[in-house]
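>>> I would like the atomic coordinates for the input below:
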Amino acid sequence: MDNALLQWISTSGRLLGAVFYYEPEDKRVQPVLDFFRRTDWTKDWANIDHPALINGLTEKGAQRDLSQDYQDLFIGPNALPAPPWGSVYLDKESVIFGDSLLALRDFLIAHQIEFIQTQNEPEDHLGLMFMLAAYLAETKPECLAEFLSKHFLTWAYRCLDLMAEQTDYPFYQAMALLARQTLKDWQQRLDLQVEAPQLYR
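Numbering: from 1, shown residues only. Take a look at the predicted model:
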């Protein structure tokens, strides 16, 4: 597998994963937010469609209270417009901790991958899945195609489409557009065929 592509999946996966997983005031995401607040960050990102649009949204979003936006999109208490867990989309009951999460856990066990988490968060969280793709690119590239085609790309586009519709949250709207394009780039460059499952949201 192309080392440059694996490096790109590692880098872009970790950046996007941090944005979607960590609250904006978390020190682990501060350098990432600083990167996306640069006016020229799109030069460092491979294969972006409409970079001016995405950059404009990140600039607009940087002027807002991202903590409140993160709360509204990823925590609640109101209904989440784009829930970040895979089983919400893949499970007939649209619940977290559904059958698709159990299948992901079987994949992790089979490949001896252990999550170290500080909270009771389902492993199929959008941010964790991006970071897992990065980890696999770095340490177990032979598992990457299976993970992406069977456990992540099956639902991620739908989640990101819903998030990209949230015009009240321009920074996360931009990140959703960027993440979708990045996943498409990974899929195309890895030549992955992804079966379209029944989605329930």
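
>>> At which residues are the helices of the chain located?
Under the criterion DSSP state H, helices of the chain are mapped to 3-21, 30-37, 51-62, 66-70, 86-90, 99-110, 126-139, 144-147, 153-164, 170-190.

>>> quick one, what contacts residue 57?
Residues in contact with residue 57 (C-beta atoms under 8 Å, 6 or more residues apart in numbering) are 170-171, 173-174, 177. Backbone N, C-alpha and C define where each C-beta goes, glycine included.

>>> same deal with residue 195?
Residues in contact with residue 195 (C-beta under 8 Å, 6+ apart) are 149, 154.

>>> got the contacts of residue 57 as TSV, with distance to residue 75 columns?
Shown next, in TSV, are those (distance: C-beta to C-beta, whole Å):
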residue	distance to residue 75
170	19
171	16
173	17
174	20
177	22
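
>>> Can I get those in CSV including pLDDT?
What follows is these, written out as CSV (pLDDT from 0 to 100):
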residue, pLDDT
170, 96
171, 96
173, 96
174, 96
177, 96
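
>>> Let me have the residues you listed in JSON lines, adding neighbour count as columns.
Output for the contacts of residue 57, formatted as JSON lines (neighbours: other C-beta atoms under 10 Å):
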{"residue": "170", "neighbour count": "19"}
{"residue": "171", "neighbour count": "23"}
{"residue": "173", "neighbour count": "22"}
{"residue": "174", "neighbour count": "23"}
{"residue": "177", "neighbour count": "20"}
